[in-house]
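> One predicted model, sequence on top.
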Amino acid sequence: MTAQPPPEIAVPLVPLEGVDDVGLVREHLGVGTPVRVDGGVVAAIDDIPAGHKVAVRAIAEGTPVRKYGEAIGIALRDIAPGSHVHSHNLGVGPQSLGLATVLAEPPVWTPPAAPTRDHFLGYRRPDGRAATRNYLAVLPTVNCSSTVARMIAQAANAQIKAEGLDGVIALTHDLGCGMAEGTAGDDILRRTLRGYAGHANLAGAVMISLGCEINQPEHILGDGPAVETLSIQDLGGTAATVNAALNALQAMASRLAGLRREPIPVGELILGLQCGGSDAYSGLTANPTLGVAADLLVAAGGKVILGETPEIYGAEHMLRARAATPAVGRQIDDLIAWWQAYTASNNAELDNNPSKGNRDGGITTIWEKSLGAVLKGGTSPLNAVVAYADPVTATGLTFMDTPGYDPVSATGMVAGGANLLAFTTGRGSVFGARPTPCLKISTTTRLFEHMRADMDFDAGPAMSRDDQIRHGIMLFEALMDMASGTPSKSEALGFGTEEIVPWRMGAVV
């Protein structure tokens, strides 16, 4: 009797690196379903949800488990081919398995494609900076003046109309008093508010203080941006402050007459990179596609900001290998060491980072999440490392030390000067960060169709390097359109019109 050919794989697996120990299940895999593994076909041992991992070879307890050709964790027990690989049998140790060396020089870099645009249509500020939007802002110094700031913005949007004005926004927050002066938390807040007050996408700003808070306007602004400041206590209360602020904002709006978008070199853009609500496809489609778009911006002379330090843990060696100098590489190591101590002091671990939604979407460990997240930064050399909310001045790729929590991370990047944001998501994050427009990128076509009113770009088809480059060029074009005034879905929905989320650090007393 002629031997029957092995059964077809009922559920296709995404082909990953040839040295990988796991495959990615693209549709639900039931127990007993034939699965092609290394060396043949086996019946699936477990019920495996779509987007999760299946072992394609035997993995011994205590050995690294590889995906993307990199370690994503350590096997907690022996794992047989056809098994579901997830948090019940995969974890991480106290140290990353990344390379321990700092390269003397980064490899010679060649962008994956040539930039397809050399300019965008933006606003040129009197000091020469480039803007992608044209807002007026009301910025409270302290939580105690945040409600008044919202009142001002609401009244201003009803009364003030000017051609080219994108609106009046209240950048409220819940900090500014009850904090010890001179501490890290105090310094971060002041740096963040100073960055927003002088942001290029603001045509003007009014800072509202209560009057008695620790966080006084002069402490925030120093010799930085020229911003009109008003004190609720000095002016005699809420109504007087609202009226005074409306008069100031009306005067600012009147100065916008004749301001028009004009061609500005692409190299003057500063792009902040974010990912949130990640799933197993984030590192396979959307993040590498965004990495291509980021590389095109770098090739055009622009600036790109990668952040979320807890989400490079386990992949820091990939950034270290791209460091422009050994000193920059050592800064990455210093950040990881600080975060390990910081989380330990708060009775937490960096591997606490993958959320329930991340794990439901197939991400098991922080190492796995980081290996996908770092791909947003493309392949160009890492030229600088900066603190949270510090101004980003280096051309090319900069790493900013931010938490992984998206609103906090994006706030730091905008304070650092980002005039564009790109945000990848697999589970479906909804987010905006005015005054900076934010483009939302889905990891799968299924998500794009399911949340079409929130998603701007579908990276779902980009599963091969050729497709990532092709879609990355398309994404670069979409970012240039957004920079030139095309509203993002989050802008149309009204996200990011009020609050910012500075990194809260230190004691509240």
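That came through, no problem.

> which residues of the chain score low on pLDDT?
In the predicted model, the chain carries pLDDT under 70 at residues 1-17, 93-107, 351-353, 507-509.

> Show me the domain layout of it.
Listed by automatic domain parsing, the domain ranges of the chain are 13-91, 135-254, 270-493.

> can you give me the strands for the stretch 401-509 of the chain?
All strands of the stretch 401-509 of the chain, identified by DSSP state E, counting those that start in this stretch, fall at 420-425, 438-442, 457-458.

> ok, residues contacting the last one?
Counting by Cβ atoms under 8 Å, 6 or more residues apart in numbering, strand 457-458 makes contact with 439-442, 445, 448, 474-475, 478, all of which sit outside it. From N, CA and C alone the C-beta is placed, and that goes for glycine too.

> about what we covered before: mind putting the strands of the stretch 401-509 of the chain in TSV, distance to residue 311 included?
Listed next are the strands of the stretch 401-509 of the chain as TSV, based on distance: least, Cβ to Cβ, whole Å:
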stretch	distance to residue 311
strand 420-425	12
strand 438-442	16
strand 457-458	21
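
> Ok, which of those comes nearest residue 196?
The closest of the strands of the stretch 401-509 of the chain to residue 196 is strand 420-425. By Cβ to Cβ, the value is 14.1 Å.

> Spell out the secondary structure type for residue 31.
coil (DSSP: H, G, I helix; E, B strand; the rest coil).

> Surely it touches residue 46?
Yes: between residue 31 and residue 46 there is a contact at 6.4 Å, judged by Cβ atoms under 8 Å.

> which of the domains of the chain is buried the deepest?
Mean neighbours per residue, mean count of other Cβ atoms under 10 Å, is largest over the domains of the chain for domain 270-493, with a mean of 22.

> Span of that one from start to end?
End-to-end distance of domain 270-493: 23 Å, with Cα to Cα, to the nearest Å as the criterion.

> From the chain's centroid, how far away is it?
4 Å (Cα atoms, centre = their mean, to the nearest Å).

> now stretch 120-138
The answer for stretch 120-138 is 22 Å, by Cα atoms, centre = their mean.

> Can you give me the end-to-end span of it?
Using Cα to Cα, first and last residues of stretch 120-138 are 28 Å apart.

> residue boundaries of the helices in this protein?
146-159, 184-197, 217-221, 232-235, 238-254, 287-299, 316-320, 326-345, 356-360, 366-373, 406-415, 445-450, 465-483, 489-493 (DSSP state H).

> Enumerate every residue touching residue 62.
74-75.

> Show me which strand runs longest in this protein.
strand 202-209 (DSSP state E).

> Could you check the helices of the chain and tell me which one is nearest residue 121?
Going by Cβ to Cβ, the one of the helices of the chain nearest residue 121 is helix 465-483, 7.8 Å.

> name the helices or strands packed onto that closest one?
strand 119-124, helix 287-299, strand 420-425, strand 438-442, strand 457-458 (3 or more Cβ pairs under 8 Å, 6 or more residues apart in numbering; DSSP states H and E).

> try 10 Å
Helices and strands touching helix 465-483, by 3 or more Cβ pairs under 10 Å, 6 or more residues apart in numbering; DSSP states H and E, are strand 119-124, strand 270-275, helix 287-299, strand 420-425, strand 438-442, strand 457-458.

> Just send the ones you listed back as JSON lines, with distance to residue 339 too.
Output for the helices and strands packed on helix 465-483, formatted as JSON lines (distance: least, Cβ to Cβ, whole Å):
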{"stretch": "strand 119-124", "distance to residue 339": "35"}
{"stretch": "strand 270-275", "distance to residue 339": "18"}
{"stretch": "helix 287-299", "distance to residue 339": "21"}
{"stretch": "strand 420-425", "distance to residue 339": "22"}
{"stretch": "strand 438-442", "distance to residue 339": "25"}
{"stretch": "strand 457-458", "distance to residue 339": "31"}
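
> How about the contacts made by the residue nearest the centre of the chain?
Nearest to the mean C-alpha position of the chain, counting by Cα atoms, centre = their mean, stands residue 274 at 1.4 Å. Residues near residue 274 by Cβ atoms under 10 Å, 6 or more residues apart in numbering: 290, 305-308, 373, 376, 402, 404, 406-407, 409-410, 413, 418, 421-425, 429, 431, 433, 438, 440-441.

> show me what contacts the closest residue to it other than its chain neighbours?
Of all residues not flanking residue 274 in the chain, residue 423 sits nearest, at 4.4 Å (Cβ to Cβ, 6 or more residues apart in numbering). With contact set as Cβ under 10 Å, 6+ apart, residue 423 has these partners: 272-277, 286, 290, 376, 406, 410, 429-433, 438-441, 456, 488, 490.

> can you do 6 Å?
274, 431, 438, 440 (Cβ atoms under 6 Å, 6 or more residues apart in numbering).

> CA atoms of stretch 74-92 as PDB?
The C-alpha coordinates for stretch 74-92 follow below in PDB (Å, rounded to 0.1, in the frame of the first residue of the first chain):
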ATOM      1  CA  ILE A  74      13.500  30.400  29.900                       C
ATOM      2  CA  ALA A  75      11.600  27.100  29.700                       C
ATOM      3  CA  LEU A  76      10.100  26.500  33.200                       C
ATOM      4  CA  ARG A  77       9.700  22.800  32.400                       C
ATOM      5  CA  ASP A  78      10.300  20.400  29.500                       C
ATOM      6  CA  ILE A  79       8.200  21.400  26.500                       C
ATOM      7  CA  ALA A  80       7.200  18.900  23.900                       C
ATOM      8  CA  PRO A  81       6.600  19.800  20.200                       C
ATOM      9  CA  GLY A  82       3.000  20.700  19.600                       C
ATOM     10  CA  SER A  83       2.600  22.300  23.100                       C
ATOM     11  CA  HIS A  84       1.200  25.700  23.900                       C
ATOM     12  CA  VAL A  85       4.100  27.900  25.000                       C
ATOM     13  CA  HIS A  86       2.900  30.700  27.300                       C
ATOM     14  CA  SER A  87       3.200  31.900  30.900                       C
ATOM     15  CA  HIS A  88       2.600  28.400  32.400                       C
ATOM     16  CA  ASN A  89       5.800  27.100  30.900                       C
ATOM     17  CA  LEU A  90       7.800  30.200  30.000                       C
ATOM     18  CA  GLY A  91       9.400  32.900  32.200                       C
ATOM     19  CA  VAL A  92      12.400  35.100  32.600                       C
END
